[in-house]
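Participant: Following is a predicted model, sequence given first.
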Amino acid sequence: MHARSVLIIGGGPAGLRAAEVAVARGARVILCDAQRSVGRKFLVAGRGGLNLTHGEPVENFPARYGDELERWRDLLREFGPDDLRAWAAGLGVETYIGTSGRVFPRGQKAAGLLRAWIRRLRASGVQFRIGARFAALAREDETWRAEFQNANANFSLTADAIVLALGGASRPETGSEGTWTGILAADGVEIAPWLPANCGWEVDWPAELLARAEALPLKNLTVRAGDESVSGELLITRHGLEGGAIYRLGRVLRAMPQPSLEIDFKPQLTIEKLRERILNLPDSRDWFRAWKLSNAAIALLETFFSGDCSDRERLLSRIKKFPLPLRGPRPIAEAISSAGGVRWSELDQTLMLRKLPGIFVAGEMIDWEAPTGGYLLQGCFATGTRAGLAAATYSSLD
């Protein structure tokens with residue numbers, strides 16, 4: 001019996017992982033990517049320190065993905081956070097858990113880890129075809145044929161099974177353009193529309209607020225949207241707000257007819273405690289110092305009170321419940337990740353497309369989203385593992 005041939009289309013974390021698993025199961029693997037090099041989104045993820053996964057108990061992970069909890073439990077049993085750390089160790093890269101619970105490689109750099117990974121993939125027999133843009137898909141007897149375009153000439157490749165790992169629609173400069181949807185939709189595959197996730201939200205800031213507070217952080221907050229609240233930080237930008245707190249509330253904000261936040265600048269103190277601190281102080285300048293409010297928080301309060309913060313009780317109320325209407329999310333191209341893509345209902349437990357047997361899907365092509373903090377990469381590795389294994393063992397006679 002000849003070795004299964006598996007074609008991986010997409011050279012991000014999910015595609016590279018699928019290739020690694022498939023070749024380890026004895027498959028002949030070719031990986032194609034439209035960019036001049038693979039792993040570009042992996043490198044972008046590592047710009048501020050590569051956050052591989054999270055150190056919280058694995059039982060907590062499925063809820064971070066919002067939907068399909070049982071499916072995520074199953075995927076993470078196969079390749080969870082401990083497995084990802086062991087994988088990095090196998091490449092000679094030690095990992096550690098930071099103070100935030102996030103897991104980083106020593107040195108926090110993505111480039112060295114990626115180079116070691118690619119060396120291992122090549123040594124194991126994975127062939128790479130770069131500069132190859134996926135253009136079409138067709139059934140050919142008992143195999144699949146994928147059409148590609150490159151700078152020199154169009155070409156096609158056939159394989160027993162194909163893993164699609166073409167990414168979502170955020171960060172198009174890395175190759176995640178989201179333009180593959182038409183190819184699958186033509187075969188009746190249902191695609192959820194693209195939406196920005198883990199993204200900034202726009203606010204109509206007064207000019208005087210930006211003059212005082214642009215690029216300043218708001219730390220140690222509790223931020224509420226609808227019935228959900230999170231602790232974290234925000235950053236005031238020219239367009240609105242960025243930061244982990246608003247990223248984690250994105251799903252709730254998108255569902256609100258008129259999205260808005262409610263900020264508690266001092267969640268560790270009750271109104272009574274705040275009031276006690278200023279009993280014998282004459283005005284808001286002394287009050288702000290007593291409360292240890294940041295410059296950004298003071299600018300927000302004074303701007304939205306039109307400079308008059310003399311009403312102590314009203315000010316206390318606003319420190320604990322500061323309402324902030326939002327205009328909408330920033331463009332998807334700027335987002336860290338995207339929601340939307342192939343609906344879970346289109347995939348069986350092996351991540352094979354029900355309507356296209358022998359075609360598997362991994363990574364951000366699937367309609368899932370997760371907060372930053374390591375959950376995005378963990379999701380890509382877990383789905384890449386499942387798809388690569390299933391593709392390597394797929395038989396059209398099943």
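Facilitator: Okay, I see it. Numbering: from 1, shown residues only.
Participant: what does stretch 254-263 rub up against?
Facilitator: If you take Cβ atoms under 8 Å, 6 or more residues apart in numbering as the criterion, stretch 254-263 is touched by 195, 201, 218, 221-226, 234, 241, 246, 249, 253, 321-326, 328-329, 339. C-beta coordinates here come from the backbone N, C-alpha and C atoms, glycine included.
Participant: brain fart, stretch 88-102
Facilitator: Applying Cβ under 8 Å, 6+ apart, the contact partners of stretch 88-102 are 51-56, 85, 103-106, 112-113, 116-117, 120, 373-374.
Participant: what do you get if the cut-off is 7 Å, keeping everything else the same?
Facilitator: Stretch 88-102 is contacted by residues 51-52, 54-56, 85, 103-106, 113, 116-117, 120, 373-374 when judged by Cβ atoms under 7 Å, 6 or more residues apart in numbering.
Participant: re earlier: filter the contacts of stretch 254-263 to the buried ones?
Facilitator: 195, 201, 218, 221-225, 234, 241, 246, 249, 253, 322, 324, 326, 329, 339 (16 or more other Cβ atoms under 10 Å).
Participant: Only the buried subset of the contacts of stretch 88-102, as a PyMOL command please.
Facilitator: Buried members of these, defined by 16+ other Cβ under 10 Å, are picked up in PyMOL with:
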select buried, resi 51+52+54+55+56+85+103+104+105+113+117+373+374
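Participant: so which one among the contacts of stretch 88-102 has the lowest pLDDT?
Facilitator: Least confident of the contacts of stretch 88-102 in the model: Arg106, at 87.
Participant: Can you flag which of the buried ones among the contacts of stretch 254-263 belong to strands?
Facilitator: 195, 201, 218, 221-225, 234, 241, 322, 324, 329, 339 (DSSP state E).
Participant: biggest separation within those, which pair?
Facilitator: For these, the farthest-apart pair by Cβ to Cβ is Phe322 and Ala339; their separation is 27.4 Å.
Participant: The nearest residue to Asp74 once chain neighbours are set aside: how many residues sit nearby?
Facilitator: The shortest distance from Asp74 to any residue other than its chain neighbours is 7.2 Å, reached at Gln349 (Cβ to Cβ, 6 or more residues apart in numbering). Look at Gln349: counted by other Cβ atoms under 10 Å, it has 10 neighbours.
Participant: Then Arg64?
Facilitator: By the criterion of other Cβ under 10 Å, Arg64 has 19 neighbours.
Participant: where's it relative to Glu177, distance?
Facilitator: 26 Å (Cβ to Cβ, to the nearest Å).
Participant: Equivalent analysis for Gln378, please.
Facilitator: 23 Å.
Participant: Comparing the two, which shows the higher neighbour count?
Facilitator: Comparing Gln378 with Glu177 by other Cβ under 10 Å, the one with more neighbours is Gln378, at 29 against 17.
Participant: So the residue of the chain positioned farthest from its centre, which state does it fall into?
Facilitator: Going by Cα atoms, centre = their mean, the residue of the chain most distant from its centre is Asn280, 48.4 Å out. Of the three states, Asn280 takes coil according to DSSP: H, G, I helix; E, B strand; the rest coil.
Participant: For the residue nearest to Lys320 when sequence neighbours are not counted, grab the count of nearby residues.
Facilitator: Nearest residue to Lys320, sequence neighbours excluded (Cβ to Cβ, 6+ apart): Asp264, at 5.3 Å. Look at Asp264: counted by other Cβ under 10 Å, it has 18 neighbours.
Participant: CA atoms only: put the worst-scoring helix or strand of the chain on mean pLDDT into PDB for me.
Facilitator: Within the chain, no helix or strand scores below helix 40-45, which has a mean of 84 by mean pLDDT, DSSP states H and E. What follows is helix 40-45, C-alpha atoms only, in PDB (Å, rounded to 0.1, in the frame of the first residue of the first chain):
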ATOM      1  CA  ARG A  40       4.400  35.100   8.800                       C
ATOM      2  CA  LYS A  41       1.500  35.300  11.200                       C
ATOM      3  CA  PHE A  42       3.500  33.300  13.700                       C
ATOM      4  CA  LEU A  43       6.200  35.900  13.500                       C
ATOM      5  CA  VAL A  44       3.600  38.800  13.900                       C
ATOM      6  CA  ALA A  45       2.200  37.000  16.900                       C
END
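Participant: No further queries at this time; thank you.
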